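Asker: sequence isn't available, so here's the structure alone:
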């Protein structure tokens with residue numbers, strides 16, 4: 001009798017242990033966790049807005065439904081944030097960078113301040129490829145490419161800095177390759193919202209940015225006709241702006257390859273979510289899947305449309321391919337871009 005009772009106790013204890021182990025095993029890693037999502041621009045810009053709308057819906061596609069907190073770590077054209085995610089965040093799946101692909105151009109060109117190897121980030125996905133555009137106020141008098149080309153003085157365009165900044169690189173290339181008169185005014189550390197205010201004050205004519213950021217910052221002015229998109233940096237017109245001239249038509253085929261390397265190709269992954277190097281592959285695959293599910297979520301798409309956030313997803317695998325492509329640019333192309341983008 002005692003033996004029977006003993007074995008019953010053993011079986012009960014074993015069953016309890018097995019049940020507890022199964023419960024622990026079944027508990028998703030992200031349950032009860034908070035995930036930081038860090039980007040390098042101001043809280044009022046397109047990066048922050050798109051990051052928030054993505055993560056609001058991402059939580060329901062991640063097992064355990066973690067809390068996502070979007071943080072702005074602005075400075076140096078998003079370089080501070082990119083360096084931080086790469087070097088200081090733990091590879092534990094609890095920090096995600098929302099990274100600016102134009103800094104990868106700066107990396108390939110050997111720019112200063114780069115403290116990362118972009119081939120080692122764990123690329124997750126991008127909510128949208130984008131087309132870069134240049135926008136001016138109607139009050140500037142520069143309402144078309146002809147107005148720009150025939151301007152009596154160089155047209156002032158705003159930028160954050162002279163390195164790794166799309167707002168700097170586009171007008172610089174348009175000046176060098178298309179002959180458009182340009183004066184770049186740097187120092188707008190607040191990014192696109194800051195430059196829009198400067199344009200409204202008449203300090204600059206406008207600035208260049210992604211079409212998504214342009215819609216967010218300039219939306220009302222574009223609708224009212226007090227601002228206009230002058231040019232899109234594309235080979236073929238973006239369906240959103242089919243009547244806006246393309247840069248491809250203003251330059252030779254050879255020079256377009258430079259635009260493609262510096263602007264158009266990185267634009268296919270402008271805003272990308274990424275884990276730091278060393279993040280376990282199971283977490284990388286889980287988050288890649290969750291992000292792509294989010295981008296297909298009808299509720300997410302409806303809110304994104306309402307907030308003017310573009311949705312044309314790019315997978316983590318495709319981002320990896322594009323990054324590798326950037327790192328395989330011919331030396332002659334790299335040297336020519338260095339020459340064009342340097343100086344004032």
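Answerer: Arrived safely. As the structure is a prediction and not an experimental result, all values here were calculated from the model.

Asker: where do the strands sit along this structure?
Answerer: In the chain, strands defined by DSSP state E lie at 34-39, 67-72, 95-100, 122-126, 132-137, 155-158, 182-185, 206-210, 227-233, 271-275, 314-315, listed in chain order.

Asker: for these, which one ends up most surrounded?
Answerer: Of all those, strand 206-210 carries the top mean neighbour count, a mean of 29, counting by mean count of other C-beta atoms under 10 Å. (Each C-beta comes from the backbone N, C-alpha and C, glycine too.)

Asker: list the residues that contact the spatially most central residue of the chain.
Answerer: When C-alpha atoms, centre = their mean is applied to the chain, the residue found nearest the centroid is residue 271 (1.5 Å). Applying C-beta atoms under 8 Å, 6 or more residues apart in numbering, we find residue 271 in contact with 39, 47, 50, 51, 98, 99, 100, 101, 126, 127, 128, 130.

Asker: would TSV of the residues you listed with distance to residue 325 and pLDDT be doable?
Answerer: Formatted as TSV, the entries for the contacts of residue 271 read as follows, by distance: C-beta to C-beta, whole Å; pLDDT from 0 to 100:
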residue	distance to residue 325	pLDDT
39	24	95
47	23	84
50	24	90
51	25	93
98	21	97
99	17	95
100	18	88
101	12	84
126	15	95
127	20	93
128	19	88
130	17	84
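
Asker: residue 88: which of those is nearest?
Answerer: residue 99 (14.4 Å; C-beta to C-beta).

Asker: now that closest one: how far from residue 324?
Answerer: When C-beta to C-beta, to the nearest Å is applied, the distance between residue 99 and residue 324 equals 16 Å.

Asker: likewise for residue 268?
Answerer: Between residue 268 and residue 324 the computed distance is 13 Å (C-beta to C-beta).

Asker: neighbour count for those two, which is higher?
Answerer: Between residue 268 and residue 324, residue 268 has the larger neighbour count (other C-beta atoms under 10 Å), namely 18 against 11.

Asker: so who does the closest residue to that one other than its chain neighbours touch?
Answerer: Using C-beta to C-beta, 6 or more residues apart in numbering and skipping the chain neighbours, the partner closest in space to residue 268 is residue 129 (4.3 Å). Applying C-beta under 8 Å, 6+ apart, one finds that residue 129 lies in contact with 267, 268, 269, 270, 312, 314.

Asker: can you give the domain ranges for the protein?
Answerer: According to automatic domain parsing, the chain comprises the domains 34-129+270-340, 132-265.

Asker: I'd like these as a markdown table, with distance to residue 28 appended.
Answerer: As requested, the domains of the chain are arranged in a markdown table below (distance: least, C-beta to C-beta, whole Å):
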| stretch | distance to residue 28 |
| --- | --- |
| domain 34-129+270-340 | 3 |
| domain 132-265 | 32 |
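
Asker: so which of those domains comes closest to residue 27?
Answerer: Distances from residue 27 to each of the domains of the chain were compared using C-beta to C-beta; the shortest belongs to domain 34-129+270-340, at 7.7 Å.

Asker: return the distance of the closest one from the chain's centre.
Answerer: Its chain's C-alpha centre lies 6 Å from the corresponding centre of domain 34-129+270-340 when counted by C-alpha atoms, centre = their mean, to the nearest Å.

Asker: pLDDT below threshold where in this structure?
Answerer: Low-confidence regions of the chain, defined here as pLDDT under 70, cover residues 1-26, 163-164, 343-344.

Asker: mind redoing it with 50?
Answerer: Along the chain, the parts satisfying pLDDT under 50 run over 1-2, 7-8, 10-24.

Asker: quick one, helices of it?
Answerer: In the chain, the segments counted as helices under DSSP state H are 2-26, 46-58, 79-87, 102-108, 145-149, 166-178, 192-200, 211-224, 253-259, 281-296, 298-306, 316-326, 331-341.

Asker: using JSON lines, please lay out these together with distance to residue 138.
Answerer: Formatted as JSON lines, the entries for the helices of the chain read as follows, by distance: least, C-beta to C-beta, whole Å:
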{"stretch": "helix 2-26", "distance to residue 138": "60"}
{"stretch": "helix 46-58", "distance to residue 138": "22"}
{"stretch": "helix 79-87", "distance to residue 138": "34"}
{"stretch": "helix 102-108", "distance to residue 138": "28"}
{"stretch": "helix 145-149", "distance to residue 138": "11"}
{"stretch": "helix 166-178", "distance to residue 138": "19"}
{"stretch": "helix 192-200", "distance to residue 138": "11"}
{"stretch": "helix 211-224", "distance to residue 138": "8"}
{"stretch": "helix 253-259", "distance to residue 138": "26"}
{"stretch": "helix 281-296", "distance to residue 138": "35"}
{"stretch": "helix 298-306", "distance to residue 138": "27"}
{"stretch": "helix 316-326", "distance to residue 138": "36"}
{"stretch": "helix 331-341", "distance to residue 138": "29"}
